[in-house]
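# Here's a sequence, model it:
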Amino acid sequence: MTDSELVCVALAQSLLGFTSETHWLRYAGKHLTGMFPYPPQPSGYSQRLRSALGLVKRVIRMLAKSSDFWLDDCWIMDSTPVPCGMSRSTVKRSDLAGWAGYGYCASHSRFYWGLKLYLVCTPSGMPILWGLADPKIGEREVLASMLEVEADMVAEHDGILLSASSRWPPRCGTTTQPKPRFTRSLIAYDH
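Numbering: from 1, shown residues only. Predicted coordinates:
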């Protein structure tokens with residue numbers, strides 16, 4: 001099975017709503033043999049899919065660009081904690097030791113060890129950008145680096161209104177951020 005076929009199988013898994021790889025591979029082996037005569041085996045499916053991450057990202061971006069929501073001129077940025085461990089021994093032996101860190105989740109009123117997921121999406125929910133970062137890194141810096149990494153994609157959109165929560169105060173006059181147009185409950189930026 002080629003990488004392109006593997007990505008098609010993974011896309012079908014997502015569109016058909018299979019959350020378990022085991023159930024999906026069993027279903028694909030029985031029902032999709034006409035389209036894919038050599039279905040992937042459980043031992044190599046997730047490993048091959050991880051190695052084809054670049055192709056998966058390109059397919060997701062192509063599908064997103066083909067929808068009308070991609071042309072939306074308003075983007076919303078928010079973040080949420082992704083706890084990865086609760087005990088000190090887990091923190092010490094985890095492979096995420098260089099990436100994850102300690103943060104505070106105000107909605108649960110507790111500290112956690114893990115990462116923070118940052119998402120930029122349209123009001124309809126279409127994801128535009130996402131990133132995982134150490135919770136100690138400020139949201140401003142994470143968003144600036146996300147926009148820098150995807151500069152070509154951001155340049156395709158003229159006059160984007162990027163809004164963030166009121167707990168995300170901008171520093172006006174810095175070289176990385178344009179001046180805000182609104183200063184109350186949402187912060188808006190033109191790109």
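# Just the C-alphas of stretch 121-130, formatted as CSV.
Backbone C-alpha positions of stretch 121-130 (Å, rounded to 0.1, in the frame of the first residue of the first chain) are rendered in CSV as follows:
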residue,chain,number,x,y,z
CYS,A,121,-10.2,28.8,13.7
THR,A,122,-13.0,30.5,11.9
PRO,A,123,-16.3,31.3,13.7
SER,A,124,-17.9,28.2,12.1
GLY,A,125,-15.2,26.0,13.7
MET,A,126,-12.9,25.4,10.7
PRO,A,127,-9.4,25.0,12.1
ILE,A,128,-6.8,27.2,10.4
LEU,A,129,-3.7,26.9,12.6
TRP,A,130,-2.9,24.8,15.7
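# Show me which positions of that stretch end up buried.
Judged by neighbour count using 16 or more other C-beta atoms under 10 Å, the buried positions of stretch 121-130 are 121-122, 128-129. Every residue, glycine included, has its C-beta placed from N, CA and C.
# which residue is nearest the centroid of this structure?
For the chain, the residue whose C-alpha lies nearest the mean C-alpha position (C-alpha atoms, centre = their mean) is Trp130; its distance is 3.3 Å.
# Kindly state the beta-bridge partners for it.
Leu119 (DSSP bridges).
# Show the contacting residues for it.
Trp130 is in contact with 117-120, 146, counting by C-beta atoms under 8 Å, 6 or more residues apart in numbering.
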